[in-house]
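In: Below: sequence and its predicted model.
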Amino acid sequence: MIIKRHDNRNERERTLRHPEPNTFRDSIVEGVTEHLATMTYTPENLLQHLAIKLNQVEPIIEKSKTRFGRFINYFNGENPDYITIDGMVLIQLYDILETAHPLPIVAKYQYDVDPHDLKEFYNRAKKIVQTPSVKRRR
């Protein structure tokens, strides 16, 4: 699986030094953001989360097959070559599959993952995690 750390800042923003949070509000926002990024899922919820991510990328891949679709993807900031996934999700996925991490993964960071690799890992995890069948009432 090809994984690289996601960084959506442009080159100028990367070279600027970001100051420490200087207000109470900045501290709260940073704490809540880190907490949400490191939230753990049950195995069933993890599979649901991955299924949603994979469903979101399918239309992007379909649009990339035409010139107009690539134009739309460009302006929406969508890339069919990768899916952005939280580090904690990757850690939990590797734990379910009992596979070694290819690189050190930090839970609070986001990573870009090839959608085809993620689909393969999702299918393998789906065989391991037994999800209960849900019957809908009418």
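Out: Structure received. Residues are numbered from 1 along each chain as shown.

In: Next, the distance between the ends of stretch 72-84.
Out: Stretch 72-84 has an end-to-end distance of 19 Å (CA to CA, to the nearest Å).

In: Tyr94 against His101, yeah?
Out: Yes. Assessed by CB atoms under 8 Å, Tyr94 is found in contact with His101 at 5.4 Å. Heads up, the C-betas are built off the backbone N, CA and C, glycines and all.

In: quick one: contacts for the nearest residue to Pro43 once chain neighbours are set aside?
Out: Using CB to CB, 6 or more residues apart in numbering and skipping residues adjacent in sequence, the residue nearest Pro43 is Val129, 4.4 Å away. Val129 sits next to 43-44, 46-47, 96 when contact means CB atoms under 8 Å, 6 or more residues apart in numbering.

In: So which of these belong to helices?
Out: Assignment to helices by DSSP state H places the following of these there: 43-44, 46-47, 96.

In: List the buried residues in the one helix or strand Ile60 maps to.
Out: Assigned by DSSP states H and E, Ile60 falls within helix 43-63. For helix 43-63, the neighbour count (16 or more other CB atoms under 10 Å) marks 43, 46-47, 49-50, 53, 57, 60, 63 as buried.

In: Show me where this protein dips below the pLDDT cut-off.
Out: For the chain, the stretches flagged by pLDDT under 70 are 1-22, 35-38, 131-138.

In: in the sheet, who's paired with the residue nearest in space to the middle of it?
Out: Taking CA atoms, centre = their mean, the centroid of the chain lies closest to Ile85, which sits 1.3 Å from it. When assigned by DSSP bridges, Ile85 has beta-bridge partners Tyr111.
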